[in-house]
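>>> Just a sequence and a predicted model for now, questions to come.
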Amino acid sequence: MFLREIIKMTDKIQHHDQYPFNIPTIRSLDRLSFNKNVTFFVGENGSGKSTLLEAIAYQCGFNTGGGSRNNQYDLESSEARLGDCIRLSWMPKVNQGFFLKAETFYSFASHIDKLAEEDPSLYRYYGGKSLHEQSHGEAFVSLFKNRFGQRGIYILDEPEAALSPQRQILFLSIIHELQKNAQLIIATHSPILMGYPNADIYNFDSIPVTRIGYKETEHYQVTRRFLENREFYLTEILEE
């Protein structure tokens, strides 16, 4: 484990009433510690988990549109104002790793294609061919299997977005191999992924953010109740 703690530097924030500083979880954040090689951020959309994840990536020097320290390309939607207002505590500091942002993965894949025009051998890190020539799920798995693996920190924002349930289960084995030599911080809605054993789960639906047990997460409880009582839920939801 490399990243030990995030500290919010409140004195650097000029406009506490503006986004993203007015997000309740970000406003209440003082510091967040990391005690496991695998940490999950969970919560509803808009709860601040992806915002904090992007700020961590920014402080790591990764492209906030997705990639590593070596991937430099412009993406107008990528900004990390929060990143200038947090400090990361390391032991030891690492510079290797990757930031995966599912919603901007297309732009990252296009960036790799441009680089490969001069050096086609780059595709060896992405399954041997353009990510655009693979299905969305195949491209994600190619990235995980070929680009990840170095000692470092891997920051993943909703990696399940392109993965079928079967591939999510496969990804659990990839997480297990990576965490032997790396640290992973993952924002997810997937009860399959957050089921990885002995991981820390931070609940962003709680103010302040708190650790939560796997079976206490809303994702697990809602999924379990639906699968166990499918007919009841469908009747309640669909009846006119």
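Arrived safely.

>>> make it CA atoms for all contacts and neighbour counts henceforth
OK.

>>> ranges for the strands of the protein?
Using DSSP state E, the strands found in the chain span residues 3-8, 31-33, 38-42, 86-90, 97-101, 152-157, 182-187, 200-203, 210-211.

>>> Which of the ones you listed has the lowest mean pLDDT?
Among the strands of the chain, strand 97-101 carries the lowest mean pLDDT, at a mean of 90.

>>> Residues in contact with that strand: which ones?
With contact meaning CA atoms under 8 Å, 6 or more residues apart in numbering, strand 97-101 is reached by 57, 62-69, 148, 150-159.

>>> Please spell out the PyMOL selection for the buried subset of those.
Selection of buried members from the contacts of strand 97-101 for PyMOL, criterion 16 or more other CA atoms under 10 Å:
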select buried, resi 57+62+63+64+65+66+67+68+69+148+151+152+153+154+155+156+157+158+159
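
>>> Could you list which of the contacts of strand 97-101 belong to helices?
Judged by DSSP state H, the contacts of strand 97-101 include A57 as members of helices.

>>> List the residues that contact the residue nearest to L163 when sequence neighbours are not counted.
Among residues not flanking L163 along the chain, G137 sits closest, at 5.1 Å (CA to CA, 6 or more residues apart in numbering). Going by CA under 8 Å, 6+ apart, G137 touches A162, L163, S164, R167.

>>> looking at the residues you listed, which has the most residues close by?
Neighbour tally across the contacts of G137 (other CA atoms under 10 Å): the maximum, 19 neighbours, falls on L163.

>>> so what's it up against?
Remark: with contacts taken as CA under 8 Å, 6+ apart, L163 is in contact with H136, G137, F140.

>>> S190 now?
Going by CA under 8 Å, 6+ apart, the list of residues near S190 reads E160, H219.

>>> pLDDT weak spots in the chain?
When residues are selected by pLDDT under 70, those of the chain lie in 70-80, 240.

>>> need the helices for it, in chain order.
Going by DSSP H, the chain shows helices at 24-28, 49-60, 105-116, 136-142, 165-178, 218-228, 230-238.

>>> Deepest-packed of those helices, please.
The highest mean neighbour count among these, using mean count of other CA atoms under 10 Å, belongs to helix 49-60: a mean of 23.

>>> which strands and helices sit next to that helix?
Other helices and strands packing on helix 49-60, by 3 or more CA pairs under 8 Å, 6 or more residues apart in numbering; DSSP states H and E, are strand 86-90, strand 152-157, strand 182-187.

>>> As TSV, the strands of the chain with distance to N229 would be great.
Shown next, in TSV, are the strands of the chain (distance: least, CA to CA, whole Å):
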stretch	distance to N229
strand 3-8	41
strand 31-33	37
strand 38-42	24
strand 86-90	44
strand 97-101	34
strand 152-157	30
strand 182-187	28
strand 200-203	25
strand 210-211	28
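
>>> Would you mind telling me which of these is nearest G128?
Nearest of the strands of the chain to G128, taken as CA to CA: strand 97-101 at 18.9 Å.

>>> could you check the angle helix 105-116 makes with that closest one?
130 degrees (axes from the mean of the first three to the mean of the last three CA atoms, to 10 degrees).

>>> Distance from the chain centre to strand 97-101, please.
Centroid separation for strand 97-101 versus its chain: 8 Å, with CA atoms, centre = their mean, to the nearest Å.

>>> Equivalent analysis for stretch 93-105, please.
Here the centre of stretch 93-105 is set off from its chain's centre by 8 Å, with CA atoms, centre = their mean.

>>> Kindly format the C-alpha coordinates of that stretch as CSV.
Provided in CSV are the C-alpha atoms of stretch 93-105 (Å, rounded to 0.1, in the frame of the first residue of the first chain):
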residue,chain,number,x,y,z
LYS,A,93,5.6,7.7,-2.9
VAL,A,94,5.0,6.1,-6.3
ASN,A,95,4.8,7.6,-9.7
GLN,A,96,3.5,4.6,-11.7
GLY,A,97,-0.1,3.7,-12.2
PHE,A,98,-3.2,4.6,-14.2
PHE,A,99,-6.5,6.4,-14.0
LEU,A,100,-9.4,4.8,-15.8
LYS,A,101,-12.5,6.9,-16.3
ALA,A,102,-15.2,5.0,-18.0
GLU,A,103,-17.1,7.9,-19.4
THR,A,104,-14.0,9.3,-21.2
PHE,A,105,-12.5,6.0,-22.3
